[in-house]
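> build me a structure from this.
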Amino acid sequence: MPSKLDLHSLIVFYYVASEKSITAAADKLCLTQPTVTYHIRSLERNVGLKLLDIKRQRIFLTRAGTGLLKYVREIYHQMTSAEKYLENLKEDSLRVGIATTFSTCAASAVSAFEKLYPRVKLIIRSSSSYEVVEDVLNSQVDLGVVVSMDYDNPKLKSIALSSRERLVLIASPSSSIAQKERLEYVNLCGYPLILGPETSATRQIILNKLRVGGCAMPSPIIVEVNSSEWGISLVENGEGVGLQHIMSVERAVDEGRLKVLPLSGDIIIGVDAILRTDAPEHPMAERFIFLAREACETKRAKSAARAAAKK
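Residues are numbered from 1 along each chain as shown. Here you go, the predicted structure:
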């Protein structure tokens, strides 16, 4: 049996309901206002229900219209995802969001990918883990590399890349806190912290450890940075303590520009690749995931060998 729902009319309904204006919807769709009105009335006739009320040129959704919008919003999202998927195939490109925490580790995967697939346009977006998650959900990237956490969204699926990545608290060797032979988290109370934005997963991890470790509110002073490089530079200049992936600071520590603070117990996190469960899988995503996992393993092995050599 043919459907009572016409896809074109549903998209028109989506724009009218979203914009709450026939005029604005017509402008967005490049249609005339009578054409938009025709589609809405045609849709209402086909389903036998009133979907919109227009009062004083304002749009109000009926109960049926409110319920329908939930489904139409998903249809619209699926359509745009399909369009972007086809555009990616046509352009031979892969868009990857990478959490700033793993920028050093991911650089190896990016380099290997470009050598193996020189004709594929690789587009990298670097931001915090939660921002990468939002980019995946909004189809701004095809794939995300983030701190392993429960992002509590059924539309996401995760693929483990590593489960043993070490984070360290670092400080300038000349700072007072770096002179201590042993530290507990409570010793960091009130000391300036240089961390990522509120959407940073690693920021949440360290603040939680401070609270559990006995650091009473208010929270320590925080200088927010959006890149690992800026954070490391500020710590090196003695502006505060920072939390970094060990692989990002090993050279600076070896050269004596930074010092890893002697806290009891390592901070271990995982790395996940995340994708939308309802989006068509990009043909190059699996290959990037393989290279990213390999890069994490290689980097971690080198870091362990370096640490063993120091002992």
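> ok, E83 to V235 distance?
44 Å (Cβ to Cβ, to the nearest Å). Glycine gets a C-beta too; all of them are placed from N, C-alpha and C.
> same question for P280.
Applying Cβ to Cβ to P280 and V235 gives a distance of 42 Å.
> more neighbours, these two?
V235 (29 against 15; other Cβ atoms under 10 Å).
> could you give me the buried positions within stretch 81-94?
Neighbour-count burial for stretch 81-94, counted by 16 or more other Cβ atoms under 10 Å, picks out 81, 84-85, 88, 94.
> in CSV, list those residues along with secondary structure, distance to L143 and pLDDT.
Below are the buried residues of stretch 81-94 laid out as CSV (DSSP: H, G, I helix; E, B strand; the rest coil; distance: Cβ to Cβ, whole Å; pLDDT from 0 to 100):
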residue, secondary structure, distance to L143, pLDDT
S81, helix, 13, 84
K84, helix, 13, 77
Y85, helix, 12, 74
N88, helix, 11, 65
L94, strand, 7, 90
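> what are the structural domain limits within this protein?
Taking automatic domain parsing as the criterion, the chain consists of the domains 7-79, 88-161+271-310, 164-269.
> end to end, how far does the shortest one reach?
So that's domain 7-79. 10 Å (Cα to Cα, to the nearest Å).
> so which residues of the protein form helices?
7-19, 22-29, 33-47, 63-91, 103-116, 129-137, 201-212, 228-236, 246-254, 285-310 (DSSP state H).
> what packs against the longest one?
Contact analysis of helix 63-91 by 3 or more Cβ pairs under 8 Å, 6 or more residues apart in numbering; DSSP states H and E lists helix 7-19 as its packing neighbours.
> counting by contacts, list what the helix it packs on packs against.
Helix 7-19 packs on helix 22-29, helix 33-47, strand 58-61, helix 63-91, going by 3+ Cβ pairs under 8 Å, 6+ apart.
> let's see that with 6 Å instead.
helix 22-29, helix 33-47, helix 63-91 (3 or more Cβ pairs under 6 Å, 6 or more residues apart in numbering; DSSP states H and E).
> mean neighbour count, the helices of the chain: which tops it?
Each of the helices of the chain was scored by mean neighbour count; the highest is helix 129-137, a mean of 23, by mean count of other Cβ atoms under 10 Å.
> that helix vs helix 63-91, what angle?
90 degrees (axes from the mean of the first three to the mean of the last three Cα atoms, to 10 degrees).
> tilt between helix 129-137 and helix 201-212?
140 degrees.
> which elements pack onto helix 129-137?
By 3+ Cβ pairs under 6 Å, 6+ apart, helix 129-137 packs against strand 93-99, strand 143-147.
> turn these into CSV, including distance to P192.
Listed next are the helices and strands packed on helix 129-137 as CSV, based on distance: least, Cβ to Cβ, whole Å:
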stretch, distance to P192
strand 93-99, 23
strand 143-147, 23
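> of those strands, which stretch is the most buried?
strand 143-147 comes out most buried of the helices and strands packed on helix 129-137 by mean count of other Cβ under 10 Å, with a mean of 27.
> distance from the chain centre to it, please.
6 Å (Cα atoms, centre = their mean, to the nearest Å).
> hmm, who's touching it?
For strand 143-147, contacts defined as Cβ atoms under 6 Å, 6 or more residues apart in numbering pick out 96-99, 102, 106, 129, 132, 136, 201, 269, 272-275, 285.
> going by distance to P34, which of those residues wins?
Proximity of these to P34, judged by Cβ to Cβ, is greatest for V136, which lies at 39.5 Å.
> ok, that closest one - contacts?
Contacts of V136 by Cβ under 6 Å, 6+ apart are 144, 274.
> state the distance from it to I123.
14 Å.
> can you check K180 too?
Distance from K180 to I123, by Cβ to Cβ: 44 Å.
> look up how far V146 lies from the residue sitting nearest the centre point of the chain.
What sits nearest the mean C-alpha location of the chain, by Cα atoms, centre = their mean, is V132, with 1.2 Å. Distance of V132 to V146, given as Cβ to Cβ: 5 Å.
> give me the longest strand you can find in this protein.
strand 156-171 (DSSP state E).
> quick one: contacts of that one?
177-178, 235, 241-244, 246, 249, 258-261, 266-275, 277, 289, 292-293, 296.
> need the contact list for L7.
Contacts of L7 by Cβ under 6 Å, 6+ apart: none found.
> now do it, the pLDDT please.
pLDDT recorded at L7 is 88.
> lowest-pLDDT helix or strand in the chain?
strand 222-224 (a mean of 78; mean pLDDT, DSSP states H and E).
> got the buried residues for that one?
I222.
> in its sheet, what does that strand sit against?
Using DSSP bridges, strand 222-224 pairs in its sheet with strand 193-195 (parallel).
> the partner strand: how far from the chain's middle?
Strand 193-195 sits 20 Å away from the centroid of its parent chain (Cα atoms, centre = their mean).
> hey, least reliable of the helices and strands packed on helix 7-19 by pLDDT?
Across the helices and strands packed on helix 7-19, helix 63-91 gives the lowest mean pLDDT, at a mean of 83.
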